[in-house]
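Participant: any chance you could fold what I've pasted below:
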Amino acid sequence: MPLASTLSYAQAQTASVNAVNVSTMVTLAPGGTATMGFVVGNLPPGQTTAWYIIRGVGPSLTQFGISNSAPQPKLTIYNSQGQNIIGTPGIPYAFNYGASFAQVGAFPLIKGSADAYYIIQVLPGSYTVQVSDSSGKGGVVLIEAYASPTPVIVAE
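Facilitator: This is a model prediction of the structure:
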């Protein structure tokens with residue numbers, strides 16, 4: 001049975017508390033999957049969508065001494081109707097997304113790694129992030145969802 005830990009951070013606002021980050025670290029069995037959910041809501045007046053950074057981190061965990069990480073995380077994101085809204089076997093770190101990651105307090109990924117991530121714009125609602133390992137080997141993976149201001153993306 002895989003071990004998992006979940007951590008979320010909250011940011012106080014005038015009338016409510018909104019989570020700005022949710023994450024969980026799991027050990028995927030070979031060929032296994034793990035899921036994490038998040039809810040988008042309480043948008044400021046006049047705002048109809050929200051930006052989120054979704055990451056499935058495996059290879060970049062080595063910078064923290066985790067040697068048994070999943071080599072090729074694959075992210076799939078589902079809406080509340082169960083529709084796959086986006087999925088990838090891993091996005092090469094071809095653009096400098098470091099500024100967007102830094103905006104939300106996320107650690108940098110190792111350049112050229114097979115970590116998977118998306119910077120997406122979503123409507124209010126419930127979402128599920130599913131992560132697997134494209135290599136089929138499994139290992140430790142960190143699943144993260146960050147509420148984000150408009151992202152900063154710079155081509156290298």
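
Participant: return the distance of stretch 35-42 from the chain's centre.
Facilitator: In terms of CA atoms, centre = their mean, to the nearest Å, the centre of stretch 35-42 is set 11 Å apart from its chain centre.

Participant: what mean pLDDT does that stretch get?
Facilitator: The average pLDDT within stretch 35-42 is 89.

Participant: tell me the buried residues in it?
Facilitator: With burial defined by 16 or more other CB atoms under 10 Å, the residues of stretch 35-42 counted as buried are M36, F38, V40. In this view, the C-beta of every residue, glycine as well, is placed from N, C-alpha and C.

Participant: likewise stretch 53-67?
Facilitator: Buried, per 16+ other CB under 10 Å, within stretch 53-67: I53, I54, R55, G56, V57, G58, P59, S60, L61, I66.

Participant: next, Q63: secondary structure please.
Facilitator: The three-state assignment at Q63 reads helix, by DSSP: H, G, I helix; E, B strand; the rest coil.

Participant: I figured it hits K111, correct?
Facilitator: No. Between Q63 and K111 there is no contact under CB atoms under 8 Å: 11.5 Å.

Participant: so where's the chain shaky on pLDDT?
Facilitator: For the chain, applying pLDDT under 70 flags the ranges 1-19, 87-96, 151-156.

Participant: please repeat the previous calculation with a cut-off of 50.
Facilitator: 1-17, 89-94 (pLDDT under 50).

Participant: what ranges do the strands span in this structure?
Facilitator: Ranges of strands within the chain are 4-12, 17-28, 33-40, 50-57, 73-79, 84-88, 95-96, 116-122, 125-133, 139-148, 154-155, based on DSSP state E.

Participant: got the ones you listed as JSON lines, with distance to A106 columns?
Facilitator: As requested, those are exported to JSON lines (distance: least, CB to CB, whole Å):
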{"stretch": "strand 4-12", "distance to A106": "11"}
{"stretch": "strand 17-28", "distance to A106": "8"}
{"stretch": "strand 33-40", "distance to A106": "15"}
{"stretch": "strand 50-57", "distance to A106": "7"}
{"stretch": "strand 73-79", "distance to A106": "15"}
{"stretch": "strand 84-88", "distance to A106": "18"}
{"stretch": "strand 95-96", "distance to A106": "14"}
{"stretch": "strand 116-122", "distance to A106": "9"}
{"stretch": "strand 125-133", "distance to A106": "15"}
{"stretch": "strand 139-148", "distance to A106": "6"}
{"stretch": "strand 154-155", "distance to A106": "16"}
